[in-house]
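In: sequence first, then the predicted structure:
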Amino acid sequence: MTDRQKPTRWWAELLLLGLVYGAYTGGRLLARGDVHLAVGHGLSVLRTEELLGLDFERPLNRLFSQQALLGIPADFMYASLHYLVTPAVLVWLYLRRPRHYRSARTWLVVSTLLGLVGFTLMPTCPPRLLDSAQGFTDTMAQYSAYGWWGAEASAPRGLGGLTNQYAAMPSLHVGWALWCGVLLWRHGRHPLLRALGIAYPAVTALVVMGTANHYFLDAAAGAAVMAAGYAITRRLPARAARPPARTAGFRGTAPIVSGGWDTSARELLPAQRPASEDDTAAAAR
């Protein structure tokens with residue numbers, strides 16, 4: 001397949017991805033879990049980080065909540081890029097790197113479904129919803145007057161019931177950003193694309209912690225889910241490619257006659273036979 005050939009029909013891909021995203025969103029809502037259980041999981045994650053010295057979200061959140069020049073752009077990034085950059089990378093792969101599209105799409109789908117399993121087994125309260133005694137500020141609520149979101153994560157005002165605020169572990173904001181970054185780095189030919197491949201997941205990790213939407217371990221779990229999805233995708237059987245049609249005139253291949261039947265190894269078509277051979281065959285008849 002050349003870089004200009006499409007891996008499959010675009011509408012079939014759109015339908016498939018729409019169905020997967022719908023199943024993911026619906027499953028996310030069904031996996032809300034018990035609030036007290038989610039708060040307990042969130043506190044457990046935070047205490048584990050404190051013991052390991054990995055609670056980076058606290059100083060970042062303090063910085064973002066005190067500096068509007070950082071907090072407001074971070075909220076816009078959290079509320080939008082997750083839903084814009086990932087589809088844009090999918091479309092770019094489909095149009096410009098179709099040989100790599102199918103495996104990349106499968107990697108994304110498998111990893112997303114693994115993330116859904118994580119939400120179901122471990123509903124986790126994000127830092128912004130913990131008791132204020134824990135020292136976190138919900139920057140989405142603090143700066144909500146500047147954007148379309150309300151006090152319920154990145155959902156538009158009045159639509160908070162359509163999202164699961166306790167689906168923090170793993171962070172697919174970080175997971176999807178890592179997926180985008182790897183593909184931009186591997187398949188981008190312009191230095192700017194490769195630079196974005198490094199910057200986008202790194203900035204996303206800072207944003208999800210600084211806005212108090214995720215713990216550091218959520219971000220690490222998002223990266224682990226993508227690694228697991230990649231490993232599974234590598235083990236899936238590849239779709240068999242159709243063998244190229246053999247044509248006459250190339251050394252080592254037999255010419256094809258009408259009906260798709262191959263000639264035998266030493267047989268020649270009439271037009272390829274010497275005149276003397278044709279005359280001899282006519283005389284014999």
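Out: Perfect, thanks for sending it. Numbering: from 1, shown residues only.
In: report how many residues lie close to residue 229.
Out: 22 (other CB atoms under 10 Å). Every C-beta, even on glycine, is put in place using the N, C-alpha and C of the backbone.
In: residues contacting it?
Out: By CB atoms under 8 Å, 6 or more residues apart in numbering, the contact list for residue 229 reads 107, 108, 110, 111, 112, 114.
In: once you drop chain neighbours, what's closest to it?
Out: residue 111 (2.9 Å; CB to CB, 6 or more residues apart in numbering).
In: can you confirm the one you found is in a helix?
Out: Yes - assessed with DSSP: H, G, I helix; E, B strand; the rest coil, residue 111 lies in a helix.
In: how close does it sit to residue 117?
Out: Distance check for residue 111 against residue 117: by CB to CB, to the nearest Å, it reads 11 Å.
In: neighbour count for the two, which is higher?
Out: Between residue 111 and residue 117, residue 111 has the larger neighbour count (other CB under 10 Å), namely 26 against 13.
In: the more buried one contacts residue 228, doesn't it?
Out: Yes - Residue 111 lies in contact with residue 228 (CB atoms under 8 Å); the separation is 7.2 Å.
In: longest helix in this structure, by residue count?
Out: Scanning the chain for the helix with the most residues, using DSSP state H, yields helix 68-96.
In: pull out the buried residues from that one.
Out: Using 16 or more other CB atoms under 10 Å as the test for burial, helix 68-96 gives 70-72, 74-79, 81-82, 85-86, 89-90, 92-94.
In: what packs against it?
Out: Applying 3 or more CB pairs under 8 Å, 6 or more residues apart in numbering; DSSP states H and E, one finds that helix 68-96 contacts helix 10-30, helix 57-66, helix 98-121, helix 139-142, helix 172-187, helix 191-210.
In: one more time with 7 Å, if that's ok
Out: Helix 68-96 makes packing contacts with helix 57-66, helix 98-121, helix 139-142, helix 172-187, helix 191-210 when contacts are defined by 3 or more CB pairs under 7 Å, 6 or more residues apart in numbering; DSSP states H and E.
In: count the neighbours of residue 193 for me.
Out: 14.
In: just the pLDDT for the nearest residue to it once chain neighbours are set aside.
Out: Distances taken as CB to CB, 6+ apart put residue 184 closest to residue 193, at 5.1 Å, once the chain neighbours are dropped. Looking at residue 184, its pLDDT reads 96.
In: return the residues in contact with residue 184.
Out: 89, 193, 194, 196, 197 (CB atoms under 7 Å, 6 or more residues apart in numbering).
In: for residue 137, grab phi and psi.
Out: phi -120, psi 130 (degrees, to the nearest 10).
In: distance of it relative to residue 236?
Out: Counting by CB to CB, the gap from residue 137 to residue 236 is 43 Å.
In: more neighbours, those two?
Out: Legend: neighbour count by other CB under 10 Å for residue 137 and residue 236, higher for residue 137 (18 against 11).
In: quick one: low-confidence ranges for the stretch 101-250 of the chain?
Out: Scanning the stretch 101-250 of the chain with the threshold set as pLDDT under 70 gives 150-163, 238-250.
In: who touches both of residue 111 and residue 228?
Out: Here residue 111 and residue 228 have no joint contacts, going by CB under 7 Å, 6+ apart.
In: domain map for this protein?
Out: Per automatic domain parsing, the domain ranges recorded for the chain read 10-235, 247-285.
In: right, so the ones you listed: which one is the most enclosed?
Out: Ranked by mean neighbour count, those are led by domain 10-235 with a mean of 18 (mean count of other CB atoms under 10 Å).
In: now do the helices in the stretch 151-285 of the chain.
Out: 172-187, 191-210, 216-235, 275-284 (DSSP state H, counting those that start in this stretch).
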